[in-house]
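> Predicted coordinates and the sequence they were generated for:
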Amino acid sequence: MKYTIKEDPHKNEDVQEIMAISGQNIFSCFQCGRCSSSCPMAEFMDILPNQVFMLLQEGNVEPLMTAKTPWICAACFTCTVRCPVGLDLAAVMEAIREKQLRKNYDYVDPYKVEERDILPPIAMVSNFRKFTP
Amino acid sequence: MKKIMFYPGCTLKGVAKNLEDSTIESARVLGYELMELPNWTCCGAVYGLAQDSVKFTIANVRNLIRAQEYSKEIGDNRLIAVCSMCYNNLKRAHIDVMKNRDKLKTLKLFMDEESEYEGHINVQHYLQFLKEFGFEKIKNYVKKPLKGLKVAPYYGCLLLRPREVAIDDVEDPHILENLLRVLGAEVVDYPLKNECCGSYHTVDKKEIVGERTYKLVSVAHDVGADVIATSCPLCFFNLDRRQEIAKAKHPRFENMPIVYFTQLMAIAFGKNSDDVLHFDRHYISPKEVLAPWL
Ligand code: SF4
Ligand code: SF4
C-alpha cells in the first residue's frame, strides 16, 4: 500500500473522533503487522488491521467508512492482547462502526434475520449490539 | 449442601439447557447448590468498547448490585457464570466501574431503586470455581473415568481476552485441560484452542462462520480428537450447527460432536440421564462417541 500523508492527521476531525471514542492513540502504531498476522478474520477483510492504522495515521478516513473490515472484525481481541505497544484495535474497529451507527445507521436489519428459532439469544443480542444503533 | 450464587444468562434458559443442567448437576455432586441470582437481567452478550458507552455496562452493574444483596443472604460473595459471554461481561463491568468511579456516578443517574455498588462481588467462571475447589479433590467424585476419550479443549475468546478478564494464560491456557485430565479423559494438544469461532457473524454472515468451523473442526480431527469441549453457547452453536455449511462447501469434511465440558463432568460423575445431558440439543449427536461411558 502506498504511504502518503494527505493532511495533518492531528488536525483531522474524523481521526480525532475515532481516537476519542476508542480511547486509543493511533499514532503509537509502528506498523509491525502483528495484528494482521494474528487476525482470524483477515482473509475476509478488504483492508488489513495494520492498514487501518496506516490510513488513520495518514488522515485518510474515507476508505475506512466504506470498508468491509470494521464489520468483519469479530471483536475477538486477539490483536488487542498481541499488539506490542498495547493498542486496542478492537476498540478502534468499534469506533469506526460507532461513527456510522451514531447516525442511526442499521448495518443489520433485525427484522430480516433468518433462523430465529434456532439462533441462541446471545448470538442475536451481540449481533444487534454491534450492528445496530 | 453449600450455597453459591449462580448467574445463568438467557441462553442457558433455552437452547443451552444442556449447559445449564449439567452445570447444576455437576456442582451438586461436589456439594454445592447453585442458587440462581434473583431478578437477573441479560448481560448484553458483548461489552461496549467505546469510551463513552454506558448502555453496555448498566445491566451488568444492576446484576452486580443484586448479587451484592443476595450475597449477604447466602454468605458467599462469589458469583458463578458458566457461559463465557456472561462471565466476560459481568467481569468487565466490575473491573470497569472499579477503575472508573465516574462511570458509576453516571450509571447511578439511571438507577432509582438500586443501592450503591460496593465492589465486593467476585465474578468467577465455573472453571475458576472448580480450580479453587481443587481438581485433585474432584478426582474423588469420578465414578466413570473418561478413559480413552480424546478431547480437544476449546476456550475461544471470551474466557481469555481481553487480558484483564483472562481465567488463565492468554496464549497457552491449561485450566480446562487440567480438569479434563482429572475426569480421566485424554487431552489432545489443540493448537486452535484460543482462536475465534466467528462469534455473532453467525447471524448475518454464516458463511464466514462455516469457514471458521471447517478449520477448527478439521484441525481437531487432525490432532486425533473425538470431541471438542467448550463452555460458550455461541461457540457451541457455531461449531456444532455450522458444520452443515462446512460440509456443504467441503465434501470431504468430517463431522465431529461438540460438547460442554460440564456434560463430560456429569458423565464422569455417573449423572448421565437425558434430563441432565439433553443430547437432543445437539445438531451432531455425541451419543455414539460417548456410548462407552453412558
Ligand atoms: S500490532 Fe499494534 S503496533 Fe503492530 S501493526 Fe498492529 S496496531 Fe500497529
Ligand atoms: S479483534 Fe477484530 S481485528 Fe482484532 S484480531 Fe479479532 S477479528 Fe481481527
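Yep, it's here. Ligands and ions are numbered 1, 2, ... in the order given.

> Report the secondary structure state of the closest residue to A:Arg97 other than its chain neighbours.
Counting by C-beta to C-beta, 6 or more residues apart in numbering or on different chains, A:Pro70 is the residue found nearest to A:Arg97 once chain neighbours are left out, at 5.0 Å. For every residue, glycine as well, the C-beta is placed using N, CA and C. Following DSSP: H, G, I helix; E, B strand; the rest coil, the label given to A:Pro70 is helix.

> same thing with the one 5 residues further on?
Under three-state DSSP, A:Ala75 falls in the coil class.

> Please identify which helix or strand holds the closest residue to it other than its chain neighbours.
Nearest non-adjacent residue to A:Ala75, counting by C-beta to C-beta, 6+ apart: A:Ala90, 4.9 Å away. Assigned by DSSP states H and E, A:Ala90 belongs to helix A:89-101.

> From the contact counts, what lies against the helix or strand just after that helix?
Downstream of helix A:89-101, the next assigned helix or strand under DSSP H and E is helix A:121-131. Judged by 3 or more C-beta pairs under 8 Å, 6 or more residues apart in numbering or on different chains; DSSP states H and E, the packing partners of helix A:121-131 are helix A:89-101, helix B:201-204, helix B:233-241.

> Tell me if the first one is near ligand 1.
Meaning helix A:89-101. Yes. Using C-beta under 6 Å from any ligand atom, we find that helix A:89-101 touches ligand 1 at A:Leu89.

> Just the residues contacting that helix, thanks.
Outside helix A:89-101, the residues that touch it by C-beta atoms under 8 Å, 6 or more residues apart in numbering or on different chains are A:14, A:17-19, A:21-24, A:26, A:35, A:49, A:52-53, A:56, A:64-65, A:69-71, A:73, A:75-77, A:79-80, A:83, A:107, A:130-133, B:48-50.

> how many neighbours does the residue in the stretch 1-150 of chain B positioned nearest to ligand 2 have?
Nearest residue of the stretch 1-150 of chain B to ligand 2, counting by C-beta to the nearest ligand atom: B:Leu49, 9.6 Å away. With neighbours defined by other C-beta atoms under 10 Å in any protein chain shown, the count for B:Leu49 comes to 26.

> in stretch A:124-133, what's buried?
By 16 or more other C-beta atoms under 10 Å in any protein chain shown, the buried positions in stretch A:124-133 come out as A:Met124, A:Val125, A:Ser126, A:Asn127, A:Phe128, A:Arg129, A:Lys130, A:Phe131.

> A:Ala74 versus the residue nearest the centre of chain A, what's the distance?
Closest residue to the average C-alpha location of chain A: A:Met93 at 1.8 Å, with C-alpha atoms, centre = their mean. Computed as C-beta to C-beta, to the nearest Å, the A:Met93 to A:Ala74 distance reads 9 Å.

> just B:Glu136 next, same as before
Taken as C-beta to C-beta, the span from B:Glu136 to A:Ala74 is 37 Å.

> Those two - which one has more neighbours?
A:Ala74 (25 against 9).

> Quick one: residues contacting that one.
A:Ala74 neighbours (C-beta under 8 Å, 6+ apart): A:Pro40, A:Met41, B:Cys157, B:Cys196, B:Gly198, B:Ser199, B:Tyr200, B:His201.

> what's the first-to-last distance across stretch B:272-280?
One end of stretch B:272-280 to the other measures 13 Å (C-alpha to C-alpha, to the nearest Å).

> per-residue confidence for the closest residue to ligand 1 within the stretch 1-150 of chain B?
Taking C-beta to the nearest ligand atom, ligand 1 has its nearest neighbour within the stretch 1-150 of chain B at B:Leu49, 15.0 Å off. What the model reports as pLDDT for B:Leu49 is 94.

> show me the contacts for it.
A:Ser22, A:Ala75, A:Asp88, A:Ala90, A:Ala91, A:Glu94, A:Ala95.

> close to ligand 2, is the helix holding A:Ala90?
Yes. For helix A:89-101, a contact with ligand 2 is found by C-beta under 6 Å from any ligand atom, at A:Leu89, A:Ala90, A:Met93.

> Residue numbers of chain B in contact with ligand 2?
Counting by C-beta under 6 Å from any ligand atom, no residue of chain B sits close to ligand 2.

> Next: chain A.
So chain A meets ligand 2 at A:35, A:38-41, A:49, A:73-79, A:89-90, A:93 (C-beta under 6 Å from any ligand atom).
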